[in-house]
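Novice: no sequence on hand, only this structure:
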């Protein structure tokens, strides 16, 4: 009996040692998992910053019709990003051209008022500059746009910019905006979801109000044709029911994701703009240069970074409700899983924007 007691006493430290070793191994394993998860999370969050730090994506552009008028003729640039839009793009172009040509006189007056010039009969009529940015489409988007542009006989400018590979909507819009020449530049989606006959007039009128309010701030103004001071301003079209006539018909999942997205925009980016994602925005020339040369994000959430940049650079923003309707063929209507992944990616991009500007990783050129 004494021998058994002595044996138990001898092996007790060994058992304790084994237990300590096992606990240490488990702790090391857990810590390893935490380190790996943290590393993966940081790589995922800062991936957009890594992409933005790389070399730019090249493009080729061709002007199919029209040329810039001599003198001080007003130009309204329309930047239209397109990815696999061979079916919806022609419909949108037909509707847009029809409206713009029919209402050129009225839009000319509104244009002059928006840039701070009192319109009169001596002023030249507005010239439109269409810039289709084909974002590496796999279909015949570029071919469809080319055929359409070759038929334009109105004297308006029609350009096609072909990205060398798909770079995302943000990258496509950035390229188109920086290659535009208009005193005012309109970003418009290729699906024609926003009613241009309603939206363009509202944005031009709001731009008039916004530029008049900021005109005396010479530090925030640049000079445009004829010595007219044109402040840096941007007006965002909105689907957030800012007006009674603003209406939208969305699927339930889109409505849920829209409200969730707006919550995170307010939390991570800005309270100023309620609907950052409406693809209908108007910028003055000087705002285009400052905003888009500083833009980093290339994918869906680039609009949120535009708002962040504008607020940091004290560029006045305004938001106006527009008539909008959902159009079949959306890139986000593939399936619920793909839609969830896109939503997660947009949230990631907003977190990246907040982190990069807070940590000083991204700095603004003023």
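Specialist: The structure has been received and is ready for your questions. Here the structure is a predicted model, which means the values were calculated and not measured.
Novice: from here on, contacts and neighbour counts on C-alpha atoms
Specialist: Noted.
Novice: quick one: contacts for residue 165?
Specialist: If a contact means C-alpha atoms under 8 Å, 6 or more residues apart in numbering, then residue 165 has 57, 135, 136 as its contacts.
Novice: next one: stretch 205-218 to chain centre, how far?
Specialist: Its chain's C-alpha centre lies 23 Å from the corresponding centre of stretch 205-218 when counted by C-alpha atoms, centre = their mean, to the nearest Å.
Novice: for the stretch 101-250 of the chain, which spans come out with low pLDDT?
Specialist: In the predicted model of the stretch 101-250 of the chain, residues 121-122, 216-229, 241-250 satisfy pLDDT under 70.
Novice: re earlier: so how do I select the buried members of the contacts of residue 165 in ChimeraX?
Specialist: Command for ChimeraX that selects the buried part of those, burial taken from 16 or more other C-alpha atoms under 10 Å:
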select :135,136
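Novice: could you dump the contacts of residue 165 into JSON lines with secondary structure and distance to residue 108 added?
Specialist: Conversion of the contacts of residue 165 to JSON lines gives the following (DSSP: H, G, I helix; E, B strand; the rest coil; distance: C-alpha to C-alpha, whole Å):
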{"residue": "57", "secondary structure": "coil", "distance to residue 108": "35"}
{"residue": "135", "secondary structure": "coil", "distance to residue 108": "31"}
{"residue": "136", "secondary structure": "coil", "distance to residue 108": "34"}
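Novice: so can I have JSON lines of the contacts of residue 165 showing distance to residue 272?
Specialist: JSON lines is the format used below for the contacts of residue 165 (distance: C-alpha to C-alpha, whole Å):
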{"residue": "57", "distance to residue 272": "32"}
{"residue": "135", "distance to residue 272": "30"}
{"residue": "136", "distance to residue 272": "33"}
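Novice: which of the contacts of residue 165 sits closest to residue 200?
Specialist: residue 135 (24.5 Å; C-alpha to C-alpha).
Novice: give me every residue that touches that closest one.
Specialist: Contacts for residue 135 were tallied using C-alpha under 8 Å, 6+ apart; they are 81, 82, 83, 162, 163, 164, 165, 166, 167, 168, 169, 172.
Novice: redo that, cut-off 10 Å
Specialist: With contacts defined as C-alpha atoms under 10 Å, 6 or more residues apart in numbering, the neighbours of residue 135 are 59, 81-84, 141-142, 161-169, 171-173.
Novice: check residue 329 too.
Specialist: Contact analysis of residue 329 by C-alpha under 10 Å, 6+ apart lists 84, 85, 87, 88, 191.
Novice: narrow these to those in helices?
Specialist: Counting by DSSP state H, the contacts of residue 329 place residue 88 in helices.
Novice: wait, which of the contacts of residue 329 is closest to residue 74?
Specialist: When the contacts of residue 329 are compared for distance to residue 74 (C-alpha to C-alpha), residue 191 wins out at 26.2 Å.
Novice: tell me, how many residues neighbour the closest residue to that closest one other than its chain neighbours?
Specialist: In space, and not counting its chain neighbours, residue 191 is closest to residue 88: 5.6 Å by C-alpha to C-alpha, 6 or more residues apart in numbering. Close neighbours of residue 88, defined as other C-alpha atoms under 10 Å, add up to 18.
Novice: returning to what we had before: in ChimeraX, how would I select just the buried ones from the contacts of residue 135?
Specialist: If you want just the buried ones from these in ChimeraX, going by 16+ other C-alpha under 10 Å, the selection is:
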select :59,81,82,83,84,141,142,161,162,163,166,167,168,169,171,172,173
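Novice: if I look at the residue nearest to residue 196 when sequence neighbours are not counted, how far off is residue 160?
Specialist: Take residue 196 and drop its neighbours on the chain: the residue closest to it by C-alpha to C-alpha, 6+ apart is residue 96, 6.9 Å away. Using C-alpha to C-alpha, to the nearest Å, one gets 16 Å for the distance from residue 96 to residue 160.
Novice: got it, and residue 178?
Specialist: Note on residue 178: its distance to residue 160, by C-alpha to C-alpha, is 14 Å.
Novice: where does the stretch 251-366 of the chain have low pLDDT?
Specialist: Judged against pLDDT under 70, the low-scoring parts of the stretch 251-366 of the chain cover residues 251-255, 258, 330-335.
Novice: hmm, try it at 90
Specialist: For the stretch 251-366 of the chain, residues meeting the criterion pLDDT under 90 lie at 251-272, 274-275, 277, 299-300, 323-346, 365-366.
Novice: can you show me the strands along it?
Specialist: The residue ranges that make up the strands of the stretch 251-366 of the chain, judged by DSSP state E, counting those that start in this stretch, are 280-284, 317-321.
Novice: which secondary structure elements does the last one contact?
Specialist: Just to be clear, that refers to strand 317-321. Using 3 or more C-alpha pairs under 10 Å, 6 or more residues apart in numbering; DSSP states H and E as the contact criterion, the elements in contact with strand 317-321 are helix 196-214, strand 234-238, strand 280-284, helix 302-312.
Novice: can I get the ones you listed in CSV with mean neighbour count and distance to residue 111?
Specialist: Compiled in CSV, the helices and strands packed on strand 317-321 are given as follows (neighbours: other C-alpha atoms under 10 Å; distance: least, C-alpha to C-alpha, whole Å):
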stretch, mean neighbour count, distance to residue 111
helix 196-214, 19, 7
strand 234-238, 28, 14
strand 280-284, 25, 11
helix 302-312, 21, 22
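Novice: okay, those in JSON lines with distance to residue 101 next?
Specialist: Supplementary listing: those in JSON lines, determined by distance: least, C-alpha to C-alpha, whole Å:
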{"stretch": "helix 196-214", "distance to residue 101": "12"}
{"stretch": "strand 234-238", "distance to residue 101": "22"}
{"stretch": "strand 280-284", "distance to residue 101": "19"}
{"stretch": "helix 302-312", "distance to residue 101": "29"}
